[in-house]
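S.K.: what shape does this take:
(one chain, ligands or ions: 1)
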Amino acid sequence: MTEQTSSPNGSVATGTPGEDVETKGTAGQDAQQQTAATPRPPVKKAPAKKAPAPKERDRTGLKTFKRRVPVGPRERPTVIVDNLHVTYKVYATGKAASGRNAEKKGLLARTPAIRRAREVHAVRGISFTAYEGDSIGLVGTNGSGKSTLCSAIAGLVPAAKGAVYSEANPTLLGVGAALMNELSGERNVILGGLALGMSLEEVRAKYDEIVEFSGLKPEFLDLPMRTYSQGMGARLRFAIAASVSHQVLMIDEALSVGDRQFQQRSESRIRDLREQAGTVFLVSHALPTITKTCNRVLWIDQGKLIMDGGVDEVITAYTESENAADDE
Ligand SMILES: Nc1ncnc2c1ncn2[C@@H]1O[C@H](COP(=O)(O)OP(=O)(O)OP(=O)(O)O)[C@@H](O)[C@H]1O
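M.R.: I've put the predicted structure just below:
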């Protein structure tokens with residue numbers, strides 16, 4: 001289990017609270033496998049080095065820890081969110097009315113703008129544990145903190161307080177996920193695949209599958225992404241991201257812009273990812289999509305976790321609360 005850090009090279013440290021930190025990576029595994037396959041002459045054993053002390057906090061304000069007790073595959077926690085708080089500092093411009101503009105306040109006053117810092121407390125003490133095989137829907141009204149929570153899990157926004165621990169580097173797939181607008185769809189498939197850690201050969205091998213999944217017509221692949229509709233862009237992003245297995249994949253409204261056929265394909269792909277023992281978070285206002293793809297739902301309101309439970313239970317409570325608010 002790792003704390004999600006935002007290290008520039010994307011590496012992730014693994015650890016358990018109170019124990020020493022280990023770095024998880026394929027390089028180390030490869031080295032181990034190589035050692036097993038090729039016998040080497042005995043070498044003098046170096047005195048055991050003291051393992052480095054755990055990182056207290058990185059610049060995201062998150063800690064690193066190592067799991068102590070091995071647990072069964074389906075009970076393996078993949079993400080632990082512990083009393084997480086996220087705040088944004090925003091600057092609101094105000095107008096100081098003075099002199100001949102004294103009576104002209106607001107938009108008409110031509111006096112210098114005053115920048116006032118205001119804090120938005122977007123996530124307020126959320127705690128939960130996600131397990132392998134979980135597909136977790138995040139529901140809540142606009143501005144309740146769902147996207148912020150996902151960004152914090154992905155290490156894209158720092159925690160003001162609390163921590164996020166993650167088994168792997170969570171991948172966040174949002175409607176604004178970074179592809180290059182000036183490049184063609186084809187180039188973006190290659191770029192996106194490389195960004196997800198595939199080699200060029202792997203991307204080439206998966207290219208046709210990605211394009212087919214996206215449902216984009218071949219003639220569009222030569223065109224720059226800026227000429228694509230929002231739905232077409234979202235389909236390509238999802239197709240690229242879904243072409244690799246993710247231990248933790250977060251999808252933030254990225255499915256809502258595709259057509260019905262694409263949504264069905266995506267829902268089925270999310271179920272596959274889940275079955276491959278990954279963890280999927282799905283932010284969506286489309287409750288039927290959540291019902292079809294998730295086994296668990298978190299209801300967030302005003303930055304707080306209101307309910308964490310089975311799909312029917314949480315969706316029913318959330319819908320009732322929404323209906324009651326509409327009646328008021
Ligand atoms: N970059 C930002 N800077 C300042 N405030 C932000 C920023 N992003 C979000 N917020 C604020 O944080 C709060 C939570 O926003 P967030 O986008 O996480 O909610 P959400 O539940 O995902 O909303 P929606 O369903 O509309 O996408 C809101 O009050 C929002 O105004």
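S.K.: and residue 123, how many residues sit next to it?
M.R.: The tally of other residues near residue 123 (other Cβ atoms under 10 Å) stands at 28. In short, each C-beta sits where N, CA and C put it, glycine included.
S.K.: what's the pLDDT at it?
M.R.: pLDDT for residue 123: 97.
S.K.: might one say that it is in contact with residue 149?
M.R.: Yes. Assessed by Cβ atoms under 8 Å, residue 123 is found in contact with residue 149 at 5.5 Å.
S.K.: which parts of the chain are helices?
M.R.: 26-37, 146-153, 185-195, 200-214, 230-241, 260-275, 287-293, 311-327 (DSSP state H).
S.K.: a markdown table for the ones you listed, including mean pLDDT?
M.R.: Below are these laid out as a markdown table (pLDDT from 0 to 100):
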| stretch | mean pLDDT |
| --- | --- |
| helix 26-37 | 35 |
| helix 146-153 | 94 |
| helix 185-195 | 88 |
| helix 200-214 | 91 |
| helix 230-241 | 84 |
| helix 260-275 | 79 |
| helix 287-293 | 89 |
| helix 311-327 | 90 |
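S.K.: can you lay out those as TSV showing distance to the ligand?
M.R.: Output for those, formatted as TSV (distance: least, Cβ to the nearest ligand atom, whole Å):
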stretch	distance to the ligand
helix 26-37	33
helix 146-153	3
helix 185-195	22
helix 200-214	24
helix 230-241	15
helix 260-275	18
helix 287-293	13
helix 311-327	13
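S.K.: of these, which is nearest residue 281?
M.R.: Between residue 281 and the helices of the chain, the shortest gap by Cβ to Cβ is with helix 146-153, which sits at 6.1 Å.
S.K.: hey, C-alpha coordinates of that closest one in PDB?
M.R.: Coordinates of each C-alpha in helix 146-153 appear next as PDB, following Å, rounded to 0.1, in the frame of the first residue of the first chain:
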ATOM      1  CA  LYS A 146     -16.600  14.600  -6.100                       C
ATOM      2  CA  SER A 147     -14.100  15.800  -8.700                       C
ATOM      3  CA  THR A 148     -11.900  17.300  -6.000                       C
ATOM      4  CA  LEU A 149     -11.900  14.000  -4.200                       C
ATOM      5  CA  CYS A 150     -10.800  12.200  -7.400                       C
ATOM      6  CA  SER A 151      -8.100  14.700  -8.100                       C
ATOM      7  CA  ALA A 152      -6.800  14.300  -4.500                       C
ATOM      8  CA  ILE A 153      -6.700  10.500  -4.800                       C
END
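S.K.: cheers, nothing more for now.
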